[in-house]
Each structure stands twice: as structure tokens, then as C-alpha cells.
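Engineer: Quick check, what structure comes out for this input:
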Amino acid sequence: MKYTLLLPFSLLLSTLSFANEKQHVDLLIHHANVVDIKNAVVIPNQTIAITDAKIIARGDDALKLNYHATTQVDAQGRFVMPGLWDMHVHFGGGDALIEENKQLLPLYLAYGVTTVRDAAADLSPSVLSWREQITKGELIGPTIYTSGPKLEGKDSIWPGDLEVETTQEMHAAIDKLDAMNVDFVKITDSALTPELYLQAVKEVKKRGYKISGHIPFSLSVTDVSSAGLDAIEHMTYLLKAAAKNEDDISAKVKAGELSYRSALPVVMDNIDKDTAMKKYRLLAKNNTAIVPTLIGGQVTAYIDEDNHQQDEFLNYLGKGLKDTYQWRVDRANKDTPAQIKARKQRFVQTAQLLPWAQEAGVPIIAGTDAGFLNSYIYPGLSLHQELAIFSDYGLTPQQILHSATQAGPTFLDKAQQFGSLEVGKVADIIILDSNPLINVRNTQSLQGVISHNRYYDKAALENLKAQAKQFVSSQQ
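Structural biologist: Below is the predicted model of the structure:
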């Protein structure tokens, strides 16, 4: 015997209506040309559904029929990719400049930088507070990862450090960083002994943190890498590693016969590709990354040709921050013609190492050194300038975009959350007019940003800049 289930007509309509009901999402991007950086391809006509700052669905444009959204973004003809990461910035200058530093945060978003890594200065309590406020949506700005105050020796030249000169003090300093819940540890060497430096690197690694920093010129780059340093900040240290007499240079620095500045000409006279590749391959084997920060070297090297006094970005910076630029400017202006020629040559030689490092497999992470003290390295804008330098010196668009979107998350063990526009990942997204896989300078064709579940169109991004300018004007 067969039975037929008959539904009341009203219930049948209700069932059909439920089946066809669209799911509500916070944001819906459609007609997007998605930039797949890993595979160096563009996937056309994509719809991306976003809720609670996460990508919950992505597929061809038919997917949009399944959703309705509070905010819809038509990306027709545009290129959509993960937000940019600047993995070396600073917030500092003392308590008097807290507000000026805070005003920089929206500027990063205005240039498509959705995440920054604060590499230490003297405003750590404020930065830690901003980190939480941004996460909670209480403050507009990029996601912040921070080292808190960095490890240094007694009477360091840098403000805000945790100064240590004994093993016991080093352990206590790391305990303090633990209590701050920092995201990684930064170490520098202006006053830290080489022995304590190596001890600190090993102890930080034992505690489970990533550690990055400067390298004492009295130690070899490969020895520090083998001790556990996860990232080298600044390309000049790879310049030293490329010198065929690095061990001799290190010994002379340790004996006080050479300083950092006087050692650099010796380094430049002894660059050898075979030596460099051998050392760089060891760095790659140890998974020690490099954050080149070349834009600062370029600015300083050529400041006799461009003093940056006509830069539009100066209108976005408070007077106190601009004043911190002066010490580097004054130092550069004292250089003789021979010294000016040498600093330009040093910048070129340093930048030319990029393809060697890439060939050897050294992870390259984009970062700028933007912030106080570092003259005319502008928050947000300077990352695009850094990427352009990478292009000028031989990296491919795919390699460069990887350095600015995927290498940072990998370093911070966040690759499962960031770095691509896949379902389940954080919806940090930038929208461009032109394809960055053809020319990386196309990252500058910014038309929109999605950050912390909020969409900023071109007008909103320009408004962030206008607000910065208004803040500066109100100081006068």
C-alpha cells in the first residue's frame, strides 16, 4: 500500500519560501577580479560574502543570489586582493606625542595597509591599548601586532627599552613582556653585549615567541640565525653577510677597531656572491627572514637631490613627529661629497642583494620603518614605495605581493587567518583599479578597503586623509 503525504497549501508555501530565502550577510562584494597571489592568477567574476569580519562564502557571481547584505560593493572591472601588511613600524616620541601617533592609525587604512607590526619604541602602553581598541571596533586603524618594549643593554641609545646587563635581568625583562601579552619580541644591540644577546635570543625561543631584531656587528649573521633569530630587521645586515671577510670584520668590531659606520665601507669592498649565497642558504634553512626596510635607506641616500619639503604627506603629520625627523636630516647634511657618493652606492649595493636572497630562499617580509625618527618614511604610503623598490631591483610582482600579504602572517603564525581571500579567513581586503600582478605599482590604484567589517570607498579613504590634515591644522 502506498501513502501520499499531503501538505496544507499554506505550509507548502512557507516551506518553498524558506528554501528560497536569502542569507543575510554584513558585506557582499560582487563582479570581483580576485587576485590569487599564491598561483599568480586573477579569478574573474567572483562574489565574496562577509559576516563578522570573516569571509563566509566565495564563488562565481551566481553566488550573490544566495545572499542579501547590509553593504554591497560592486567591484566590476576592479581587482580585489588581501590587505597589505607593513611589518616594521614605530609609534614613539614620548608621552607628548601620543595623540600625534594615534592620528597615524587611520592613515594606514587610507593607503590600504590593514595590518602593522609595531617593532618597539617608547609608547608601548598606548600601542597595547590601541591594539585592543581596534580589535573591538572602538578605534579606526589597522590590526596591530606589537613587541612591546624591546630588549637592549644598559644605557641604550633608544628610548623605552627594557635595559638588561645580567642574565637575571634578561629573564625578568622577558617575564615583563609575558605579562604584557606581546605578539613577538624585538632585540637590538646598541648596548647589549654579544654574549647576552645570544642568551636572550635562545631564552625567548624557549618561551615560544618569535624574535626579530638588529644583529651585533661583532657576531656573524649566520651564528645569530642558528641561535634562533626569526627575522633580521634591515637589509644592511645581509650586506655584511655577503662580505667574504665577515669573520674578520666581526672580530675587529668586537676588539673596538671598527664601529658599525666604519665597518660598512670595508663590507662594501668585499661583497662576494658565492659567499652571500652560501650564507643566505643557511638563513633559509634556519627559516630566518629578512625585513629589508629599503625605503629609509633610499630617502637618506638621495636627500641631497630631494629634501622632501614639498611632500603632500607632511600635511598629515603633527609638528612633534616632523621634528623627530630632523636628526637624521642634520646628520646627512653634514656628509661630504665623497660620503654622499658612498651612501648612494651603499643603498644600491644593498638593494641589489634582494634577488640573491630570494634565489636562496630567504623569506622576504615587507616593512618600512615608518614612524617617528625615521625621516620621510610615511605611514601607509611608504609601503607602496618599498614595494616599488623591490620591483626596481628585480623581484617579480608575485614575489613582492607575497612579501606584503603572506610573509607577515607566516612569520606571526597567522597564515590560517590572513593572506588570501579564502572562506574562513579574515576579510581584510583592498580593491584596486589595476592588476598588481602585472605591475606592483598598481597597489597604488586604491579604490576601497574593507577592515574590521567596515567598507571604506574612495571618498571615505580620502576623508581619512582629510581628517589627518584637519588635526594637524588644529595644532597650529
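
Engineer: so where do the strands sit in the stretch 301-450 of the chain?
Structural biologist: In order along the chain, the stretch 301-450 of the chain carries the following strands (DSSP state E, counting those that start in this stretch): 429-432, 446-451.

Engineer: So which of these is nearest A173?
Structural biologist: strand 446-451 (33.2 Å; CB to CB). Backbone N, C-alpha and C define where each C-beta goes, glycine included.

Engineer: okay, the strands of the stretch 301-450 of the chain in CSV with mean pLDDT, distance to G394 and mean neighbour count next?
Structural biologist: Listed next are these as CSV, based on pLDDT from 0 to 100; distance: least, CB to CB, whole Å; neighbours: other CB atoms under 10 Å:
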stretch, mean pLDDT, distance to G394, mean neighbour count
strand 429-432, 98, 23, 25
strand 446-451, 98, 25, 23
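
Engineer: So which of the ones you listed is nearest Q385?
Structural biologist: Distances from Q385 to each of the strands of the stretch 301-450 of the chain were compared using CB to CB; the minimum, 13.9 Å, belongs to strand 446-451.

Engineer: how about the next helix or strand after that closest one: buried residues?
Structural biologist: Next in sequence after strand 446-451, counting helices and strands by DSSP states H and E, comes strand 454-457. By neighbour count, with 16 or more other CB atoms under 10 Å as the criterion, the buried positions of strand 454-457 are Y455, Y456.

Engineer: what's strand 454-457 packed up against?
Structural biologist: Judged by 3 or more CB pairs under 8 Å, 6 or more residues apart in numbering; DSSP states H and E, strand 454-457 is in contact with strand 67-74, strand 446-451.

Engineer: Tell me which of the strands of the stretch 301-450 of the chain approaches D323 most closely.
Structural biologist: The closest of the strands of the stretch 301-450 of the chain to D323 is strand 446-451. By CB to CB, the value is 29.5 Å.

Engineer: now the angle from the closest one to strand 67-74?
Structural biologist: With axes from the mean of the first three to the mean of the last three CA atoms, to 10 degrees as the basis, strand 446-451 and strand 67-74 are set at 150 degrees to each other.

Engineer: Use 728 as the first number for this chain going forward.
Structural biologist: Noted, 728 is the first residue going forward, which turns the last one into strand 1173-1178.

Engineer: Can you give the distance of strand 1173-1178 from its chain's centre?
Structural biologist: The chain centre lies 17 Å from the centre of strand 1173-1178; the measure is CA atoms, centre = their mean, to the nearest Å.

Engineer: before we move on, back to that, tabulate the helices and strands packed on strand 1181-1184 (CSV), appending distance to D902.
Structural biologist: Formatted as CSV, the helices and strands packed on strand 1181-1184 follow (distance: least, CB to CB, whole Å):
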stretch, distance to D902
strand 794-801, 45
strand 1173-1178, 34
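
Engineer: Tell me which of those lies nearest to V931.
Structural biologist: The closest of the helices and strands packed on strand 1181-1184 to V931 is strand 1173-1178. By CB to CB, the value is 30.4 Å.
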